[in-house]
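Enquirer: Build me a model:
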Amino acid sequence: MSYLSRVRPAATGTDTGTGFGVPGFAHPLLAPAEWGELTRPGPPLHWVVLDVADGPGVRPDPHCLAAAGRLRNAGVRVLGRLDAVHGARAAADVLDEARRYADWYRVDGFLLDRCPTERGSLPQVRRTVDTLRTLRDAPHVVLGHGAHPHPSYAETADQLVTFSGPWSDYRWSQAAEWTADYPPERFCHFVHGVPRGHLDEALRLARWQGAATIWFTDRHDPCGHLDPWTTMPGYWDEIVSRVGTGVSE
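Expert: Coordinates of the predicted model:
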């Protein structure tokens, strides 16, 4: 059984309920069924990440333009993926890619992936986020830490990814104590290698730890050479049904 740390307080205000944040499928030419599935009515999608070529690419991609347009027409928020390389990448390079995403694909916001977690990097991340917010009208900004960062990051962005990793780690994970001061819609969990038989357990754990935006998949990468996020979970219809109806204690 998973470690269930504590019951979270009920969220108020802007709580949208549990839904999916899609970390980024393969290029639409390689995963046309996946991109098409996201425009089908029913799945509670909070946002979908567009990653053209480890960023926006060097020129507008017509296939990605079409995929992003179909999602926006369906009312789904599209985020451009930016790689912070754990703080090692120059802010000017990150912002240059963000401008291309905004100009070419009219994204609704950004996922700053591999974002630093330590307090010392916070001023630079805050400056980057402040600039990102000038590129679009009220863009949605997600910091993709993949682990619990210093608490001050929670005041910098709209959402934080506080877990990204395998089910073998997630099932024994705990939420940092400071996260209880914020509603669930502020946090995202990405978990790969979740067996079909453990879906209820994974969903309960996300709810107990206070993460309203999730992406659970049975895809996994035991050797570290494949991206488990690039294809649809094998149990997509089932998890959509589970999220739609909720999971009991």
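
Enquirer: surely E238 meets R196?
Expert: Yes. If you go by C-beta atoms under 8 Å, E238 and R196 touch, sitting 7.2 Å apart. Placement of C-beta: from N, CA and C, glycine included.

Enquirer: Tell me the buried residues in stretch 124-132?
Expert: Within stretch 124-132, the residues scored as buried using 16 or more other C-beta atoms under 10 Å are V125, T128, V129, L132.

Enquirer: and stretch 22-38, how far from the chain's centre?
Expert: Centre-to-centre, stretch 22-38 and its host chain are 15 Å apart (C-alpha atoms, centre = their mean, to the nearest Å).

Enquirer: in it, what's buried?
Expert: So for stretch 22-38, counting by 16+ other C-beta under 10 Å, buried means V22, P23, G24, F25, H27, P28, A31, E34, W35, E37, L38.

Enquirer: Next: stretch 178-193.
Expert: Within stretch 178-193, the residues scored as buried using 16+ other C-beta under 10 Å are 179, 182-193.

Enquirer: where does the strand or helix carrying R204 sit relative to the chain's centre, distance-wise?
Expert: In this structure, R204 sits in helix 199-209 according to DSSP states H and E. Its chain's average C-alpha position is 17 Å from that of helix 199-209, according to C-alpha atoms, centre = their mean.

Enquirer: next one: stretch 46-64
Expert: 15 Å.

Enquirer: Please list the residues outside it that contact it.
Expert: Outside stretch 46-64, the residues that touch it by C-beta atoms under 8 Å, 6 or more residues apart in numbering are 16, 19-25, 27-29, 38, 67-68, 71, 76-83, 97, 100-101, 104-105, 107-109, 111, 140, 142, 212-213.

Enquirer: all helices for the chain, in order.
Expert: In the chain, helices defined by DSSP state H lie at 32-37, 62-73, 91-100, 122-132, 167-170, 199-209, 236-245, listed in chain order.

Enquirer: can you tell me which of these comes nearest to W229?
Expert: helix 32-37 (10.5 Å; C-beta to C-beta).

Enquirer: any idea of the mean pLDDT in the closest one?
Expert: Per-region confidence: helix 32-37 scores 95 on mean pLDDT.

Enquirer: Point out where this protein drops to low pLDDT.
Expert: 1-16, 222-225, 245-249 (pLDDT under 70).

Enquirer: One more pass at 80, please.
Expert: Residues of the chain meeting the criterion pLDDT under 80: 1-16, 221-226, 244-249.
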